[in-house]
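[1] Sequence first, predicted coordinates after that:
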Amino acid sequence: MPDMRFVIPRQDINRENFASSAPDFNRRSEMMNTDRGFKCRITNIVRLTEHEKLFQLRIVDPLERAIFRFKPGQFLMLELPGYGDVPISISSSSTNHEFLELCIRKAGHVTSALFTVEEGAYVAIRGPFGSSFPMDEMAGHNILLIAGGLGIAPLRAPLFWINEHRDRFLDINLLYGVKEPSQLLFTWQFEEWEMINHIRLHTIVEHGDAEWRGKRGKTGMITNLFNDISVDVKKSYAIVCGPPIMFKFVCGYLDKLGIPMNRMFVSLERRMHCGMGKCCRCMVGSTFTCIDGPVFDYWSVMNLKEAI
Amino acid sequence: MNIAKLKIASFDFTCCEGCQLQLANRESTLSDFLELLDIRNFREILSEKHDDYDIALIEGSISRQDEVERLLKIREQAKVLVAFGTCACFGGINSLKNRFRMDETVREIYGDMAIETLPVKKISDVVKVDLSIPGCPVAKEEVERIIVSLATSSLVTLPKYPVCVECKQQLNTCLFDLGEICLGPITRAGCNAVCPTGKTACLGCRGPAEELNMPAFLELVRERKLSHSDLQEKLAFYNAFEPVATDET
Amino acid sequence: MIYKVISKGEFRRFVDALVKSNNSLGPRQVDTDSQGNPVYQFKPVQSVEEIAFDYTATTSSAKHLFLPFREELSRFSFHGDDWEQQINYEADPVVLVGLRPCDISALNILDDVLLNSHFPSPYYLAKRKNTFVIGMDHLPLPDCFCKSMNHHTVTIGFNLFCSDIGDNYYLSINSSKAFNFLKEFEIRDPSHDDNCLLVERRKLIQNSFQTEIDVTALPSILDIEFDSPVWEKWGQKCLNCGTCAMVCPSCYCYSLTESCETNRKGARREKSLYSCNLVDFAVVAGGHNFRPKNGDRLKYRYYHQHRGFAENGNQQICVGCNRCGRACLSGINPKDVINDLRMEKESCLICVSSSPARI
């Protein structure tokens, strides 16, 4: 029989609030509910291309919906119960508090399973996580948005922000390159962006088809588009999203033009498991993509080992 | 989650049928496991036979011509052909006979009886294999996980790392520290290091871990002055590893 | 902190009372290796007799009591198309006897990473709060290098710490729980002699280290030598077996998996400790591996251990226990790798090869 004088009382971090010295840490557990996901209903699914779909989500609980706020550039962990979770950048407007939009490419097993679910299904989100584009700092400047492939997805949130606060910004150029014309995403918004928001949109594809050539679309690498624009290096900020190889060429070019490295922002992608700087799966050099990133200025990226 | 049952069949070739028997183990979840399956053909637990299966579990290695023909037929029917157990994946213990002349082997075992036999082949030597579940015998827990993954169209994965990870998690004393050769550092995990936990050296029944470092492994055996012939015996035991050169003593 | 002195006999009675009343773990001999040396591990103990107070070092650290090798983070139960998530942060009280200063330092480092950071881990907190830690000092083994890492002494992170001063233990009492328990036993205030004995003991420990590693400016050296051929050289030896990370007291990286239960009524989200040495640590969706080479992965472990990551203020997380060095079958150990990197060794690859191949 245990001697009750020496039995160590159980400490329940869910109920008690401790105020004793180390090692009985004085930490409140409410802060730590990060493993619980917000339940969301998939309210709409739009097939964008063969490999990409746009999911519209609505957080079920009104209170949770009210407290979920994110900044352009942040990501969330999307959980499909039974399959696992994946990091997905938020593609909708940060001022839209009713719905979230996630542009998802079928790449791994969770996203493949997501492609089989239908409207009305319930998923969970954790987050938002990570750093964001400094939209306030960029105000009053020209913005150069450069997207390669699926890179348009994390770019869409800052783009929404710019459009909603268009008078705060000067010239906006959007350079968007993909492999084939059929891979262009959000084409239905192009007209709106150009006509209503006065964004200069430049698209280019690596391999054009007959229809593309018919429309006099441009063919080549995204760097070819630089000939079409003039950049006022003193007044410009750049946001670059795309495959790592693109960062090298695009940021290298902009660097040569004279845009300071701390005015170029890139969004890095790694396979986050936790989103909270704990599992170390998304480390780039000594930095976590999930909490120090995904948005870095180019100076930081240049100084990170293995970044590009 | 509501899903359609998997139309499954199980076939045994040259083997001990221990892997198939594993399917009926782990009683706590057995009824739930069987719920996932529509068993069309399974000699050990069912007398009925149907030929309209989607998934074929193949146990054992191939050692006779009639087995080759039977396997080819199964391949035609099966949408997913699973090499089930070490014999199917690598040839297994049966492959030991390949070290000898076939006529000598037959005379040794069967005397003067006329026996038709071939050198032992693994399943993938004969037909295309879609999925491998190694183990001697297979671990029922892993089989369950894989079957659930198939049923929910989820990703089927085996650990890529070696047994050492799981062995250390069991707080075992390293068998090399006890003076034995253990294939743990080069063998695919997933067995929870059951043999080293029982103080028996790993013989590699689950086959090579991904991107294993064989030169470093041979070097550590050499450095510890452990028997090279013992190493060769162990590597050859399940026929799961490439033979190593004999001059390295 | 309150300091007291207790006789060794009385201390055993104290530990026995705790051990008999709670789930407890302590160092126990589990094997004798082929050289005739005892092998120790932290294992459950029922009485003080089972505890090897004079143990050298355990093969594995006690990390897994706080960060289990496998741990269920949450469970989803399905109801038709809907589901419900259940999370349980509870942990049972455990007494952990005989931790060395380096092991307690490792816990303090884990506290930094897992509690004093952006997203504190409730799972870790529950276990940390419910573990009663009794630390004990020891004379270093020939290959201990905790002094180089400044982790040969520890002042926080335990409930009770015992320094061996001959017939008695000099107790550093760091929690009211420990003090309350000790009230039931014969303890006294330290005398002048006791204090002298403690200082002598500390000096003895300090002067007994045989292994030293120069870690000055190591973080910047690791940055500068990121492409050093040293990594390729040691990488060639690495078996990618993850042993180092499993036995390490401060490696905490992990992997998340989710699996559907066989009855399809629920799914488990499980965390398993992983290692940067394992082949698929840096694989992303679509199969691209950011660290395909042995050397890259090994480098990463050293980078994390000795450079430190932003999450704990770029502090080194290695405490110098050398468990990884002892456990590595290929003989990869921090001392040799770091010395190699510092180009201090005469056999250094960079010095002998005329034109080192850059990776």
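    Now that the structure is in, tell me what you want to look at. Because the structure is a prediction, the values reported are computed rather than measured.

[2] I'd guessed A:Lys235 sits against A:Ile143; true?
    No - using CB atoms under 8 Å, A:Lys235 is not in contact with A:Ile143; the gap is 9.9 Å. Quick note: C-beta positions are derived from backbone N, CA and C, even for glycine.

[3] Give me the common contacts of the two.
    Counting by CB atoms under 8 Å, 6 or more residues apart in numbering or on different chains, the contacts common to A:Lys235 and A:Ile143 are A:Leu170.

[4] what's the spatially most central residue of chain B sitting at in phi/psi?
    Among the residues of chain B, the one closest to the centroid is B:Thr86, at 1.4 Å (CA atoms, centre = their mean). Main-chain dihedrals, B:Thr86, degrees, to the nearest 10: phi -60, psi -40.

[5] Could you check how many residues crowd around the closest residue to A:Met264 other than its chain neighbours?
    Spatially, and ignoring its direct neighbours in sequence, A:Met264 is nearest to A:Tyr298 (3.9 Å; CB to CB, 6 or more residues apart in numbering or on different chains). A:Tyr298: 25 surrounding residues under other CB atoms under 10 Å in any protein chain shown.

[6] for B:Glu108, same thing?
    By other CB under 10 Å, neighbour count at B:Glu108 equals 10.

[7] quick check, it in a strand?
    No - counting by DSSP: H, G, I helix; E, B strand; the rest coil, one finds B:Glu108 to be helix, located in no strand.

[8] picking up where we left off before, next up, the contacts around the residue nearest to the centre of chain B.
    Taking CB under 8 Å, 6+ apart, one finds B:Gly92, B:Ile93, B:Pro134, B:Gly135, B:Cys136, B:Cys205, B:Arg206, B:Gly207, B:Tyr238, B:Ala240 in contact with B:Thr86.

[9] what packs against the helix or strand containing A:Lys248?
    In this structure, A:Lys248 sits in helix A:244-257 according to DSSP states H and E. With contacts defined as 3 or more CB pairs under 8 Å, 6 or more residues apart in numbering or on different chains; DSSP states H and E, helix A:244-257 has these neighbours: strand A:142-148, strand A:236-241, strand A:264-267, helix A:298-302.

[10] Buried residues in the shortest one, which are they?
    When you say that, I think you mean strand A:264-267. In terms of neighbour count (16 or more other CB atoms under 10 Å in any protein chain shown), strand A:264-267 has its buried residues at A:Met264, A:Phe265, A:Val266, A:Ser267.

[11] Closest to chain B out of these?
    Checking the buried residues of strand A:264-267 against chain B with CB to the nearest CB, the nearest one is A:Ser267 at 26.1 Å.

[12] so the closest one touches A:Gln74, yeah?
    No - judged on CB under 8 Å, A:Ser267 makes no contact with A:Gln74 at a distance of 10.0 Å.

[13] shared neighbours, these two?
    A:Ser89.

[14] can you pull the contacts of A:Asn44?
    A:Leu54, A:Phe55, A:Gln56, A:Glu119.

[15] Go again with 10 Å.
    Residues near A:Asn44 by CB atoms under 10 Å, 6 or more residues apart in numbering or on different chains: A:Leu54, A:Phe55, A:Gln56, A:Leu57, A:Arg58, A:Phe99, A:Glu101, A:Glu119.

[16] Check C:Phe179 too.
    Residues near C:Phe179 by CB under 10 Å, 6+ apart: C:Ile2, C:Lys4, C:Asn159, C:Leu160, C:Leu171, C:Ile173, C:Ile187.

[17] and stretch A:176-184, which residues are buried?
    A:Tyr176, A:Gly177, A:Val178, A:Pro181, A:Gln183, A:Leu184.

[18] list the contacts for the fourth one?
    Looking back up the chat, that one is A:Pro181. Contacts of A:Pro181 (CB under 10 Å, 6+ apart): A:Thr187, A:Thr203, A:Val205, A:His207, A:Gly208, A:Asp209, A:Glu211, A:Trp212, A:Arg213, A:Lys215, A:Gly217, A:Thr219.

[19] The nearest residue to the last one once chain neighbours are set aside: neighbouring residues, count only.
    Translated: A:Thr219. Of all residues not flanking A:Thr219 in the chain, A:Gly208 sits nearest, at 4.4 Å (CB to CB, 6+ apart). Here the number of neighbours of A:Gly208 (other CB under 10 Å) works out to 18.

[20] Does A:Gly208 belong to a helix, a strand or coil?
    Per three-state DSSP, A:Gly208 ends up coil.

[21] from memory it sits against A:Lys218, does it?
    Yes - contact criterion CB atoms under 10 Å: A:Gly208 and A:Lys218 qualify, at 8.0 Å.

[22] tell me the domain boundaries of chain B?
    B:6-151, B:164-236 (automatic domain parsing).

[23] Using JSON lines, lay out those domains together with distance to C:Glu261.
    Listed next are the domains of chain B as JSON lines, based on distance: least, CB to CB, whole Å:
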{"stretch": "domain B:6-151", "distance to C:Glu261": "8"}
{"stretch": "domain B:164-236", "distance to C:Glu261": "19"}
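
[24] Same list, these, but as TSV with mean pLDDT please.
    TSV is the format used below for the domains of chain B (pLDDT from 0 to 100):
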stretch	mean pLDDT
domain B:6-151	90
domain B:164-236	94
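
[25] Can you say which of those domains is packed in most?
    Among the domains of chain B, domain B:164-236 has the highest mean neighbour count (mean count of other CB atoms under 10 Å in any protein chain shown), at a mean of 20.
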